[in-house]
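Colleague: Could you work out the structure for the sequence below:
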Amino acid sequence: MALPSVYLVDASVYIFRAWFSMPDDFVNSRGEPTNAVYGFSGFLCNLLEQTGAEHVAVAFDESLSKSYRNEIYPEYKANRDPAPEELKRQFSWARAVAEAMGLQCYADDRYEADDLIGTLAEYWRARGHPICVVTSDKDLAQLVGEQDYWWDFSRNQKLNAKQLTEKFGVMPEQMADYLALTGDSVDNIPGVPGVGPKSASALLGHFGSLDTLYERLDEVQHLGIRGAKSLQKKLTDHREAAELAKKLTVIEKSVESALASPELGRSVVDEAKLNRLFDELSFGGMLRQRCLRA
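Modeller: Alright, predicted model coming up:
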């Protein structure tokens, strides 16, 4: 009998999406914005109603400027503006709602949500469970194995490893190397200047990995890639940048705080806590009832 899927939710994606898409007139009795937590709560209900999932983790980013990646590269994510206070407050509420709904929540002051998800994915896959990573972030595609799925829930794109390869042009396990070559503007990772998605895909299709590419760098000039000779020079000149980028793009899979409490079975909904929260947030009865019975 197949073991149940484990759902690993990248919370920030859905909180930010609600923040930008939900109307600004969602406020509580104090006039504080609640649109992001309202949209996120609805997303959690939709996910649980559609899947009936009993093994769920919700991973949060505790800081955008204190992760171990900033120790490696201080400019990591430095291009992002700090979250406004009215959004930070909603992240706290969003976690409180998820916990009241009986979901296991994770955050770490040194590791990102990606690393918490990576650690839990490794733990549960080793125990035979299929993994479903709920996100729209291509970085997390690197966690998807043969039994697993990457699910961009809002766009209803649920992709297995083969479909991810078709979407991104590289196999899931090559995604960290791909981003090391192309760079990732979202996270302020420079990569190798002049190496775009097509070149990176062709290089990894031929060599398999960044390490092998640099072991056999002399072969690049002979490949049937446009501008192969100049490409070899770019890779040579920017080898240090590519290897630094790889340290940033690889997802950690052994975060101690996640391994300290990896059990993901849903708890009973804390009705009293959820009602108190929704009173504070001035949420109506329809969402409240969905969350209580999800």
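Colleague: so what are the domain limits for the chain?
Modeller: The chain breaks down by automatic domain parsing into domains covering 6-164+252-289, 172-249.
Colleague: Let's have these in TSV, adding mean neighbour count and mean pLDDT.
Modeller: (Glycine included, C-beta is placed from N, CA and C.) Output for those, formatted as TSV (neighbours: other CB atoms under 10 Å; pLDDT from 0 to 100):
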stretch	mean neighbour count	mean pLDDT
domain 6-164+252-289	18	95
domain 172-249	17	95
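Colleague: what are the phi and psi angles of the closest residue to Leu181 other than its chain neighbours?
Modeller: Counting by CB to CB, 6 or more residues apart in numbering, Ala200 is the residue found nearest to Leu181 once chain neighbours are left out, at 4.1 Å. The phi/psi pair for Ala200 (degrees, to the nearest 10) reads phi -60, psi -40.
Colleague: Show the contacting residues for Ala200.
Modeller: Neighbour list for Ala200: 169-170, 178, 181-182 [criterion: CB atoms under 8 Å, 6 or more residues apart in numbering].
Colleague: now do 7 Å
Modeller: Applying CB atoms under 7 Å, 6 or more residues apart in numbering, we find Ala200 in contact with 178, 181-182.
Colleague: Nearest to Gly128 among the residues you listed?
Modeller: Among those, Tyr178 lies closest to Gly128 (CB to CB), at 28.6 Å.
Colleague: Check which helices and strands the helix or strand containing that closest one sits against.
Modeller: Using DSSP states H and E, Tyr178 maps to helix 175-182. Helix 175-182 is packed against helix 197-207, helix 239-249, with contacts defined by 3 or more CB pairs under 7 Å, 6 or more residues apart in numbering; DSSP states H and E.
Colleague: want to throw those helices into CSV with distance to Gln174?
Modeller: Formatted as CSV, the helices and strands packed on helix 175-182 follow (distance: least, CB to CB, whole Å):
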stretch, distance to Gln174
helix 197-207, 5
helix 239-249, 11
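Colleague: who wins for proximity to Ala121 among those helices?
Modeller: Once the helices and strands packed on helix 175-182 are compared by CB to CB, helix 239-249 is nearest, at 16.3 Å.
Colleague: continuing past that closest one, what's the next helix or strand?
Modeller: That would be, after helix 239-249 and using DSSP H and E, helix 256-259.
Colleague: could you dump the following helix or strand past that following helix to CSV, C-alpha only?
Modeller: Elements were assigned by DSSP H and E; along the chain past helix 256-259, the next helix or strand is helix 271-281. The C-alpha trace of helix 271-281 is given here as CSV (Å, rounded to 0.1, in the frame of the first residue of the first chain):
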residue,chain,number,x,y,z
GLU,A,271,-11.1,26.3,17.9
ALA,A,272,-10.7,28.7,20.7
LYS,A,273,-7.4,30.1,19.4
LEU,A,274,-8.7,30.3,15.8
ASN,A,275,-11.9,32.1,17.0
ARG,A,276,-9.8,34.6,19.0
LEU,A,277,-7.5,35.2,16.1
PHE,A,278,-10.4,35.8,13.7
ASP,A,279,-12.1,38.1,16.1
GLU,A,280,-8.9,40.1,16.3
LEU,A,281,-8.6,40.1,12.5
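Colleague: Give the next helix or strand downstream of helix 271-281.
Modeller: Counting by DSSP H and E, what follows helix 271-281 is helix 285-293.
Colleague: starting at the chain centroid, how far to that next one?
Modeller: Here the centre of helix 285-293 is set off from its chain's centre by 27 Å, with CA atoms, centre = their mean, to the nearest Å.
Colleague: Stretch 98-112 too?
Modeller: Offset of stretch 98-112 from its chain centre (CA atoms, centre = their mean): 14 Å.
Colleague: Need the distance between the two termini of that stretch.
Modeller: 18 Å (CA to CA, to the nearest Å).
Colleague: can you give me the strands for the stretch 51-200 of the chain?
Modeller: Along the stretch 51-200 of the chain, counting by DSSP state E, counting those that start in this stretch, strands occupy 56-59, 104-106, 131-134, 149-152, 157-159.
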